[in-house]
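S.K.: With the input below, show me the fold.
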Amino acid sequence: MSGPGRILVATDLSPSAAPAFEQALALARGFEAKLLVAHAYQDHHLPRAGFATPESWEEWDRGYREEARRALAPLVQRAWEEGLEAEAVLLTGFPDEAIVEAARRLEADLVVVGTHGRRGAAHFLLGSVAARVVATAPCPVLVARPAAPPAA
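M.R.: Take a look at the predicted model:
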């Protein structure tokens with residue numbers, strides 16, 4: 001049985017996403033797999049709702065995309081430095097749907113996502129992108145928990 005050839009790791013670019021990236025990097029190294037480092041952001045409908053002009057929205061969107069590309073670059077660079085094939089993938093839409101669609105389109109063999117570890121009301125109100133990806137992905141999904149807080 002061979003391992004995954006294409007690993008898609010999703011990041012929200014927050015510190016809590018670091019364990020998922022580290023796990024994906026280790027797996028890609030171990031399997032000599034290509035690493036697809038993906039970030040999804042939701043396209044807002046402010047211009048259509050009349051809250052922003054199309055021009056101001058396009059300017060904001062262009063700025064956000066550039067900022068996201070800059071944030072993804074060090075992750076891709078790190079993979080390259082470890083001898084891996086890697087690329088940044090910028091996605092738009094609801095994060096869970098965008099990640100699952102990218103996994104299909106890019107023929108990922110494994111998706112790695114992080115979780116914020118929310119419980120109770122926060123989980124109920126905010127839901128879990130990771131849980132929705134697990135439920136709908138076309139391939140196996142590894143969920144990496146955030147690093148444990150330091151002992152007091």
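S.K.: in the longest helix along the chain, what's buried?
M.R.: Using DSSP state H, we find that the single longest helix of the chain is helix 54-81. For helix 54-81, a neighbour-count test (16 or more other C-beta atoms under 10 Å) marks W57, A68, L72, L75, V76, R78, A79 as buried. Glycine gets a C-beta too; all of them are placed from N, C-alpha and C.
S.K.: Report the contact partners of the second one.
M.R.: Spelled out, that is A68. L13, H39, Y41, L90 (C-beta atoms under 8 Å, 6 or more residues apart in numbering).
S.K.: Mind doing that once more with 7 Å?
M.R.: H39, Y41, L90 (C-beta atoms under 7 Å, 6 or more residues apart in numbering).
S.K.: Give the rounded mean pLDDT of the longest helix of the chain.
M.R.: For helix 54-81, mean pLDDT rounds to 90.
S.K.: what does the next helix or strand after that helix contact?
M.R.: Downstream of helix 54-81, the first helix or strand assigned by DSSP states H and E is strand 86-92. Residues from elsewhere that reach strand 86-92 (C-beta under 7 Å, 6+ apart): 34-41, 43, 65, 68-69, 72-73, 76, 79-80, 98-99, 102.
S.K.: what about the helices in this protein?
M.R.: 18-31, 46-49, 54-81, 95-105, 120-126, 129-136.
S.K.: Make JSON lines from those and add distance to R145 to it.
M.R.: Below are these laid out as JSON lines (distance: least, C-beta to C-beta, whole Å):
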{"stretch": "helix 18-31", "distance to R145": "7"}
{"stretch": "helix 46-49", "distance to R145": "34"}
{"stretch": "helix 54-81", "distance to R145": "19"}
{"stretch": "helix 95-105", "distance to R145": "18"}
{"stretch": "helix 120-126", "distance to R145": "13"}
{"stretch": "helix 129-136", "distance to R145": "10"}
